[in-house]
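S.K.: Based on what follows, work out the 3D shape:
(2 chains)
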Protein chains: 2
Amino acid sequence: MAIVAALQLAPVLGDFEGNRLKAATAIREALTAGADLIVLPELATSGYVFETVDELRAVAIPRDHEIFTEWAALAASRAGTVIVGGFAESGDDSELFNSAAMVDADGVRTVYRKVHLWDQEKRYFTPGNEAPPVVQTSHGRVGVMICFDLEFPEWTRIAALGGADILAVPTNWPYMERPAGERVAEVQIAMAMARINHMAIVCADRSGIERGVAWNEGSSIISADGWVIAAVGPGVGATFATVDPRLSTDKWLAPLAHAFDDRRPDLYKKFTPAK
Amino acid sequence: MAIVAALQLAPVLGDFEGNRLKAATAIREALTAGADLIVLPELATSGYVFETVDELRAVAIPRDHEIFTEWAALAASRAGTVIVGGFAESGDDSELFNSAAMVDADGVRTVYRKVHLWDQEKRYFTPGNEAPPVVQTSHGRVGVMICFDLEFPEWTRIAALGGADILAVPTNWPYMERPAGERVAEVQIAMAMARINHMAIVCADRSGIERGVAWNEGSSIISADGWVIAAVGPGVGATFATVDPRLSTDKWLAPLAHAFDDRRPDLYKKFTPAK
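M.R.: Numbers count the residues shown, from 1 in each chain, chains lettered A, B, ... in the order given. Predicted coordinates:
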């Protein structure tokens, strides 16, 4: 069993040091609350609404940056703890990536670079070219993808087929109007992806208005059956739920129906246009 | 603009003649209400909960059966009307298919054979091997798939990339418990599929307890934005909504974000396991 935490933070654009502190404080509180798997928002260390590449470059960090040493030290306070959080990554050749790190007591386990860049992100970031990682942890196999990635079911499927029991999804969902009484559209999508793949999904969204942009504040923990079992709601905060990663390994939907084996990959290949 | 109708019927197992009459009556009422595109449930002519293949064979019909002549005659009463409904199909070599016919005034435009068979259906039906058809009609390009097909986003994507503005989905969703206040899980999935592909989706579910099996009665019309704009609710009935198929042709989600062009097909190919 894993106690999962989704942290809804309000990073401040360009204030790396302040954001580092906010993240560390929130991680510490989640650990105190007993969390085993802690998910932070996308670009939690940098803010999001960049207007120039220089702004972004000023807060971009390499994957061996000391903030991850700090996260590892925090994770070490509880055996097996895993932290997943988004950051602006400066790669080789001065390329910039919208990335997420998975950190445990031993340090950085993996870094994922967002493959599907949303809107203006395309002006500043280089898209990733690697599959969503799936890492065996003390709390099940944890996959990582970022925000808009989740709106491409092909990508979620790759993580699920790759064995992810729990998918950790740092996000920044810009506010969008929705009909009264309706859930955040992206949460709706995450629920469907969870159910279709029988895989738990943890989305950590952000808060705090940035250059006029508000956010959906949709941080949610979703069971492998596709139901929201915990959500933060408006404002900065955290939500927790107990997730049994073993439930995700059973892909039988009925005596003769199976989420994976009932796929028809040959037909998908045959009928999906190449471009 | 198209006035779309989802008809939630209660077919009776094995009573082809009674089911034919029910369908004809409901189609006639929908036409009176002004419907341009009318969607009936899966296996609307046969019932669903078969226990032997002989039961199924007794109500299976070829695609040139006179019921479709009747539907065509009904469709002819309003210019451009399209009817999509599920039936048990007897094919060549005495194979049986869970199929849906699209019929207009000229007769059968296409027949689709369900590719992803749910649970016990595998004991009676042969799975289809052809892509979901997408047909140009007077009310936009209409795609067809059936029930469990919708839980394979690879398949929905093929219909969307094939140009479907409105996806017509005859279904029989067996009743499943859900948390209080939650929508039918399959409707949730349909909403996500609509939004991800920016394509309207019409699901016609069934009613009426059959051999102890109840149904989710989830018939819904979903906009290309992924919101339920009309639903039947419990019992036999019909629901109507106006859908502009042209809205589905615009796949831009933001100035630099596009539902189709932001896909990364090369990566999907590279990282999706062959089996």
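
S.K.: helices or strands up against the longest helix along chain A?
M.R.: In chain A, taking DSSP state H as the definition, the longest helix is helix A:16-32. Under the contact criterion of 3 or more Cβ pairs under 8 Å, 6 or more residues apart in numbering or on different chains; DSSP states H and E, helix A:16-32 touches strand A:2-8, strand A:37-39, helix A:66-75, strand A:237-243. For the C-beta atoms, the positions are set from N, CA and C on the backbone; glycine is no exception.

S.K.: ok, stretch A:118-137 near chain B or not?
M.R.: Yes. Counting by Cβ under 8 Å from any Cβ of the partner chain, contacts between stretch A:118-137 and chain B involve A:Trp118, A:Asp119, A:Gln120, A:Lys122, A:Arg123, A:Pro127, A:Asn129, A:Ala131.

S.K.: which among these gets closest to B:Gly85?
M.R.: Nearest to B:Gly85 among the residues of stretch A:118-137 next to chain B: A:Trp118, at 39.5 Å, using Cβ to Cβ.

S.K.: A:Asp106: which of the helices and strands packed on helix A:16-32 is closest?
M.R.: With Cβ to Cβ as the measure, helix A:66-75 is the member of the helices and strands packed on helix A:16-32 nearest A:Asp106 (6.9 Å).

S.K.: related to what we said a few turns ago, the residues of stretch A:118-137 next to chain B, buried ones only, as a ChimeraX selection?
M.R.: Applying 16 or more other Cβ atoms under 10 Å in any protein chain shown to the residues of stretch A:118-137 next to chain B, the buried members can be selected in ChimeraX as follows:
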select /A:118,120,127,131
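
S.K.: In strands, which of the residues of stretch A:118-137 next to chain B appear?
M.R.: Here DSSP state E is the test, and these give no hits in strands at all.

S.K.: Include pLDDT when you put the residues of stretch A:118-137 next to chain B into CSV, please.
M.R.: Shown next, in CSV, are the residues of stretch A:118-137 next to chain B (pLDDT from 0 to 100):
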residue, pLDDT
A:Trp118, 98
A:Asp119, 98
A:Gln120, 97
A:Lys122, 98
A:Arg123, 97
A:Pro127, 98
A:Asn129, 98
A:Ala131, 98
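
S.K.: Just the residues of stretch A:118-137 next to chain B: which are in helices?
M.R.: Within the residues of stretch A:118-137 next to chain B, residues falling in helices by DSSP H are A:Lys122, A:Arg123.

S.K.: would you turn the residues of stretch A:118-137 next to chain B into TSV with distance to B:Pro170?
M.R.: As requested, those are exported to TSV (distance: Cβ to Cβ, whole Å):
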residue	distance to B:Pro170
A:Trp118	35
A:Asp119	36
A:Gln120	41
A:Lys122	40
A:Arg123	44
A:Pro127	39
A:Asn129	40
A:Ala131	36
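
S.K.: which among the residues of stretch A:118-137 next to chain B gets closest to A:Ala60?
M.R.: The closest of these, once distances to A:Ala60 are taken by Cβ to Cβ, is A:Arg123, at 14.5 Å.

S.K.: Thought A:Phe148 was touching A:Val169, still the case?
M.R.: No. A:Val169 is beyond contact range of A:Phe148, at 10.2 Å (criterion: Cβ atoms under 8 Å).

S.K.: By neighbour count, which bits of the longest helix of chain A are buried? Give me those.
M.R.: Buried, per 16+ other Cβ under 10 Å, within helix A:16-32: A:Phe16, A:Asn19, A:Arg20, A:Lys22, A:Ala23, A:Ala26, A:Ile27, A:Ala30, A:Leu31.

S.K.: Please enumerate the strands of chain A.
M.R.: A:2-8, A:37-39, A:82-90, A:96-104, A:107-113, A:134-137, A:140-144, A:166-170, A:200-204, A:220-222, A:228-231, A:237-243, A:252-254, A:257-258.

S.K.: okay, the ones you listed in TSV with mean neighbour count and mean pLDDT next?
M.R.: Listed next are the strands of chain A as TSV, based on neighbours: other Cβ atoms under 10 Å in any protein chain shown; pLDDT from 0 to 100:
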stretch	mean neighbour count	mean pLDDT
strand A:2-8	27	98
strand A:37-39	31	98
strand A:82-90	27	98
strand A:96-104	25	98
strand A:107-113	20	98
strand A:134-137	17	98
strand A:140-144	26	98
strand A:166-170	31	98
strand A:200-204	30	98
strand A:220-222	28	98
strand A:228-231	20	98
strand A:237-243	19	98
strand A:252-254	14	96
strand A:257-258	17	98
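
S.K.: would you turn these into JSON lines with distance to B:Phe50?
M.R.: Output for these, formatted as JSON lines (distance: least, Cβ to Cβ, whole Å):
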{"stretch": "strand A:2-8", "distance to B:Phe50": "42"}
{"stretch": "strand A:37-39", "distance to B:Phe50": "45"}
{"stretch": "strand A:82-90", "distance to B:Phe50": "47"}
{"stretch": "strand A:96-104", "distance to B:Phe50": "48"}
{"stretch": "strand A:107-113", "distance to B:Phe50": "47"}
{"stretch": "strand A:134-137", "distance to B:Phe50": "40"}
{"stretch": "strand A:140-144", "distance to B:Phe50": "39"}
{"stretch": "strand A:166-170", "distance to B:Phe50": "37"}
{"stretch": "strand A:200-204", "distance to B:Phe50": "35"}
{"stretch": "strand A:220-222", "distance to B:Phe50": "35"}
{"stretch": "strand A:228-231", "distance to B:Phe50": "36"}
{"stretch": "strand A:237-243", "distance to B:Phe50": "38"}
{"stretch": "strand A:252-254", "distance to B:Phe50": "15"}
{"stretch": "strand A:257-258", "distance to B:Phe50": "16"}
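
S.K.: Pull the residues that contact the longest helix of chain A.
M.R.: Under the criterion Cβ atoms under 8 Å, 6 or more residues apart in numbering or on different chains, residues A:5, A:7, A:9-12, A:38, A:40, A:44-47, A:58-59, A:61, A:67, A:70-71, A:74, A:77-78, A:81, A:83, A:85, A:238, A:240 lie in contact with helix A:16-32.

S.K.: Quick check: the gap between A:Ala241 and B:Leu96.
M.R.: Between A:Ala241 and B:Leu96 the distance is 44 Å, computed by Cβ to Cβ, to the nearest Å.

S.K.: and A:Gly80, what does it touch?
M.R.: Here A:Gly80 is in contact with A:Asp36, A:Asp104, A:Thr137, A:Ser138, A:His139 (Cβ under 8 Å, 6+ apart).

S.K.: which residue sits closest to the residue sitting nearest the centre point of chain A, ignoring its sequence neighbours?
M.R.: For chain A, the residue lying nearest the average C-alpha position, counting by Cα atoms, centre = their mean, turns out to be A:Val169 (1.6 Å). Spatial nearest neighbour of A:Val169, excluding adjacent residues (Cβ to Cβ, 6 or more residues apart in numbering or on different chains): A:Cys203 at 4.6 Å.

S.K.: Bridged to that neighbour, which residues?
M.R.: Beta bridges link A:Cys203 to A:Val169, A:Ser220, judged by DSSP bridges.

S.K.: so what's it up against?
M.R.: A:6, A:39, A:150, A:169, A:171, A:186-187, A:190, A:218-222.

S.K.: How many neighbouring residues does the nearest residue to A:Asp262 once chain neighbours are set aside have?
M.R.: Residue nearest to A:Asp262 in three dimensions, not counting chain neighbours: B:His116, with 5.6 Å by Cβ to Cβ, 6+ apart. When neighbours are counted by other Cβ atoms under 10 Å in any protein chain shown, B:His116 registers 23.

S.K.: for A:Ala72, same thing?
M.R.: 18.

S.K.: sorry, back to before: any chance of the contacts of A:Cys203 in JSON lines, with distance to B:Glu210 too?
M.R.: Below are the contacts of A:Cys203 laid out as JSON lines (distance: Cβ to Cβ, whole Å):
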{"residue": "A:Ala6", "distance to B:Glu210": "42"}
{"residue": "A:Val39", "distance to B:Glu210": "44"}
{"residue": "A:Leu150", "distance to B:Glu210": "37"}
{"residue": "A:Val169", "distance to B:Glu210": "40"}
{"residue": "A:Thr171", "distance to B:Glu210": "42"}
{"residue": "A:Glu186", "distance to B:Glu210": "37"}
{"residue": "A:Val187", "distance to B:Glu210": "34"}
{"residue": "A:Ala190", "distance to B:Glu210": "33"}
{"residue": "A:Gly218", "distance to B:Glu210": "39"}
{"residue": "A:Ser219", "distance to B:Glu210": "42"}
{"residue": "A:Ser220", "distance to B:Glu210": "36"}
{"residue": "A:Ile221", "distance to B:Glu210": "37"}
{"residue": "A:Ile222", "distance to B:Glu210": "32"}
